[in-house]
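Visitor: Build me a structure from this.
(one chain, ligands or ions: 1)
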Amino acid sequence: MNPDFDALAAIHAACFPRGWSAGELAGLVRQNGVILRSAPDAQQPLGFILIQSVLDEAEILTIAVAPSARRQGLGRILLTEAETAAQAGGVRKIFLDVSQNNSAALALYRSAGFVETGCRPAYYSDGSDAVLMEKTLPALDGAERSA
Ligand SMILES: CC(C)(COP(=O)(O)OP(=O)(O)OC[C@H]1O[C@@H](n2cnc3c(N)ncnc32)[C@H](O)[C@@H]1OP(=O)(O)O)[C@@H](O)C(=O)NCCC(=O)NCCS
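Guide: Below is the predicted model:
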């Protein structure tokens with residue numbers, strides 16, 4: 001079933017000052033190497049994550065959980081599912097950047113094993129610094145990897 005990009009765009013708009021349109025989200029997902037995971041199912045998504053992978057590296061483009069559905073474990077589930085899918089595709093390292101002021105996301109990433117590797121001063125439009133984080137994934141053996 002095709003993702004409901006209007007629903008995903010509505011979630012994104014509720015999470016960020018500049019939301020991505022349904023068309024922008026659909027365009028991203030059409031690109032090679034972009035993994036979309038939405039939860040709990042495609043008919044009534046309450047959150048989603050987009051990860052873009054190139055060879056053995058991936059970047060988290062966005063993760064968003066509807067305000068009404070937060071603190072119920074959904075963000076962690078989405079992150080874990082995306083990591084698993086990326087790992088199955090051969091990804092060994094995942095990168096992300098997050099505002100120094102985003103305590104919820106920082107706590108989620110730290111608890112998921114991401115470590116801070118750097119900082120981009122005044123990176124975001126609100127003047128906050130970007131915290132750069134990464135996580136190394138263990139290699140899967142051949143049988144566990146997808147084609
Ligand atoms: C960040 C976000 C995706 C977390 O989603 P969520 O479904 O609420 O997260 P979970 O319920 O899975 O929480 C997992 C862990 O993250 C941390 N966490 C999540 N929200 C938190 C908060 N408001 N304050 C402190 N820690 C928080 C906790 O460690 C939590 O584990 P715990 O519940 O066992 O304490 C959500 O807050 C969101 O969509 N925010 C707006 C968009 C955004 O900022 N995205 C990240 C951009 S880099």
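
Visitor: what's the model's confidence in the one helix or strand residue 6 maps to, averaged?
Guide: Here residue 6, judged by DSSP states H and E, is contained in helix 5-15. When pLDDT is averaged along helix 5-15, the result is 94.

Visitor: what ranges do the helices span in the protein?
Guide: Counting by DSSP state H, residue ranges of the helices within the chain are 5-15, 22-30, 74-88, 103-111.

Visitor: Mind checking those helices for the one nearest to residue 59?
Guide: helix 74-88 (10.0 Å; CB to CB). Glycine gets a C-beta too; all of them are placed from N, C-alpha and C.

Visitor: residues in contact with the residue of the chain found nearest the ligand?
Guide: For the chain, the residue closest to the ligand is residue 75, as judged by CB to the nearest ligand atom, at 2.4 Å. Taking CB atoms under 8 Å, 6 or more residues apart in numbering as the criterion, residue 75 is in contact with 47, 63, 65, 108.

Visitor: so which pair among the residues you listed is furthest apart in space?
Guide: Pairwise distances across the contacts of residue 75 (CB to CB) peak at 11.7 Å, for the pair 47 and 108.

Visitor: Compare the two (neighbour count), which wins?
Guide: The neighbour comparison of residue 47 against residue 108 (other CB atoms under 10 Å) goes to residue 47, with 23 against 18.
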